[in-house]
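>>> From the sequence below, what's the structure:
(chains A, B, C, D and E)
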Amino acid sequence: MCGRYFLTTPGAVLAEAFGLDAMPELAPRWNVAPSQRVPIVRAAGGGGRELALVRWGLVPFWAKEAAIGNRLINARAESLAEKPAFRDSYRKRRCLVPADGFFEWQKVGAGKQPWLLRLRGGGVFGMAGLWSSWRDPASGEPLESCAIVTTAPNELAATVHDRMPVLLPRALHAAWLAPAASPSELAPLLAPFPADGMEAFPVSKLVNNPARDEPACIEPA
DNA sequence: CCAGACGTTGTT
DNA sequence: GTCTGG
DNA sequence: CCAGACGTTGTT
DNA sequence: GTCTGG
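As a prediction, the model looks like this:
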């Protein structure tokens, strides 16, 4: 799955890597947790792409309360076309979630060991995501939110965990974001990223605590 | 018809 | 909003 | 994902 | 054990 990640690439590099219309101001993040505001890349008017800050944890448009989003932080690639919580977003509101890597927890005896996974040699990439626009029926407050799509693990990730996020190489960004894409065009994009293009290493349990957002979270332990 | 769910992960 | 279960 | 809370009444 | 918050 993907319940924690990091994004330290500067806004200027991000704008180039994702073809953004404008350059965003972004502080580096070493420990991004669900419920926080995260940057996503989505199609904008005029065929461009924009960066938006939305809450991680998708709140479907029909939800009565925002709390449902606390548990919808991931969407299974195998079923997102059918699930009521995701299918509408899958059809009309796909996005990329920029990251430099993500964390997975490996069961070790009674405890857990956090691992960092990223592209071999590092570098920013896009995770497949869905977003939603919701308005609180009680207060009228609008809220935009997102979920990260997960798939089966490749051979590397499988040594740590049984799910991983969908990583989209730059060549596939346009296909995933295309507003008129059909299910048959989208489904093949949701495959596990090749293991030989990635690397993984254990990190400090410092990352367990969402309050510890610091460089040590991504150093080998 | 109305009521209630709508999700993933991990653990048992 | 839409589907399933009663 | 993990960490931390998990409750009511009455009084200040 | 389960839910909420980050």
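
>>> Tell me which helix or strand comes right after the worst-scoring helix or strand of chain A on mean pLDDT.
Ranked by mean pLDDT, DSSP states H and E, the weakest helix or strand in chain A is helix A:183-186, scoring a mean of 93. Toward the C-terminus, helix A:183-186 is succeeded by strand A:198-202 as the next helix or strand (DSSP states H and E).

>>> mind listing what that following strand pairs with, with the direction of each?
If you go by DSSP bridges, strand A:198-202 pairs up with strand A:111-119 (antiparallel).

>>> mind exporting the strand it pairs with as PDB, just the C-alpha atoms?
As requested, C-alpha coordinates have been extracted for strand A:111-119 and formatted as PDB (Å, rounded to 0.1, in the frame of the first residue of the first chain):
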ATOM      1  CA  GLY A 111       7.300  -5.500  15.400                       C
ATOM      2  CA  LYS A 112       7.600  -3.600  12.100                       C
ATOM      3  CA  GLN A 113      10.500  -2.200  10.200                       C
ATOM      4  CA  PRO A 114      10.000   0.800   7.900                       C
ATOM      5  CA  TRP A 115      11.600   0.700   4.400                       C
ATOM      6  CA  LEU A 116      12.100   3.400   1.900                       C
ATOM      7  CA  LEU A 117      11.400   2.700  -1.800                       C
ATOM      8  CA  ARG A 118      12.300   5.000  -4.600                       C
ATOM      9  CA  LEU A 119      13.500   5.100  -8.200                       C
END
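
>>> Off-centre distance for the next helix or strand after that strand?
Moving toward the C-terminus from strand A:111-119, the next helix or strand (DSSP H and E) is strand A:125-135. Here the centre of mass of C-alpha atoms in strand A:125-135, compared against the chain's by CA atoms, centre = their mean, to the nearest Å, lies 8 Å away.

>>> What strands flank whichever helix or strand comes after strand A:125-135, and is each parallel or antiparallel?
Heading C-terminal from strand A:125-135, the first helix or strand you meet, by DSSP H and E, is strand A:142-151. Strands flanking strand A:142-151 in the sheet, each with its direction: strand A:49-56 (parallel), strand A:74-76 (parallel), strand A:125-135 (antiparallel), strand A:164-165 (antiparallel) (DSSP bridges).
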